[in-house]
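**Student:** Curious how this folds, go ahead:
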Amino acid sequence: MSKIIDTEMLLDAELLRYARQILLDGWDIDAQLRLKSSRIVMIGAGGLGCPASETLVRAGLGYVHLIDDDVIEASNLQRQTLFLPEDIGKPKALTAAQMLERINPLIIARGTVARLSEDNAYELLDMASGKPNLLLDCTDNFATRDIINRISVRYQIPLLSASAIAMQGQLALFEPHLNTGCYHCVFGSVTVDAEADDTVADERTCANSGVLASTTAIMGNLQANAALQYLGLTKNPLTNKLLIWDGSQMQQRLMGYRKDTECPICSASY
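**Tutor:** Predicted coordinates:
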């Protein structure tokens, strides 16, 4: 039998579990109910996806759908906190979803083993049931982020994009329905190498450049923090701002950006 969540009220078990959160100034029963009734889609169940999804479901997010086509490897265990040594070889999305429901049985977590593309986005995002409240980009390469951004703009779904490499990270929350800019406005596009007939971009990943375990933990939780405010308080704490975190210097700063009026993604009509 499929689990059904009552989004009209909080159960006694939920009031007890989320009591410290509900006590916060500015975060009340209504905020907790908004979080409970929210549905997010997370692309990537690795170094960023694990801490971000865990914090969100512990906080009471009602529904999380993880999409990832990768399997767990021994090298993932250094930072991908939802996995154990006995999980090596299993699909990340399914294993993460199962663990999230063990962590909080009051939520729904779903995993899909697939690679998101513009062609399958409508189906994978379950658009027939309505738009998700938020897309979380937890991937580790520019080309995939570019595809997720295009999907966000096409379907007018807010996109919370995080990245982590070495001891550095970045975070931004784009709201395409407000026409305030998109990922492409900030980072540009994948270029094409005509001679090689291939795409060229910043292809640094954790696999080829390394990453400190704390970097993904911090960036994933910063991503969760922004998502909690957006879903529970209907507030974007990063409106037209890019958060840049530098772990080697223990510094964090915000950089403003503007919509590119000639952006081929968010200024074009689909």
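**Student:** residue contacts, the residue nearest in space to the middle of the chain?
**Tutor:** Centroid check for the chain by Cα atoms, centre = their mean gives residue 136 as the closest residue, at 2.1 Å. For residue 136, the residues meeting the contact criterion (Cβ atoms under 8 Å, 6 or more residues apart in numbering) are 40-43, 49, 52, 160-162, 223, 227. Where C-beta positions appear, they are placed from N, C-alpha and C, glycine not excepted.
**Student:** Filter the residues you listed down to just the ones in helices.
**Tutor:** Judged by DSSP state H, the contacts of residue 136 include 49, 52, 223, 227 as members of helices.
**Student:** Redo the residues you listed as a markdown table? Include pLDDT, neighbour count and distance to residue 66.
**Tutor:** Formatted as a markdown table, the entries for the ones in helices among the contacts of residue 136 read as follows, by pLDDT from 0 to 100; neighbours: other Cβ atoms under 10 Å; distance: Cβ to Cβ, whole Å:
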| residue | pLDDT | neighbour count | distance to residue 66 |
| --- | --- | --- | --- |
| 49 | 98 | 30 | 6 |
| 52 | 98 | 30 | 10 |
| 223 | 98 | 30 | 14 |
| 227 | 98 | 27 | 14 |
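**Student:** Nearest to residue 141, out of those: which one, please.
**Tutor:** In terms of Cβ to Cβ, no member of the ones in helices among the contacts of residue 136 lies closer to residue 141 than residue 49, at 14.0 Å.
**Student:** Count the residues that sit near the residue nearest to the closest one when sequence neighbours are not counted.
**Tutor:** Ranked by Cβ to Cβ, 6 or more residues apart in numbering and with sequence neighbours excluded, the top spatial neighbour of residue 49 is residue 138, at 3.8 Å. Neighbouring residues of residue 138 were enumerated by other Cβ atoms under 10 Å; the total is 30.
**Student:** Appreciated, that's everything.
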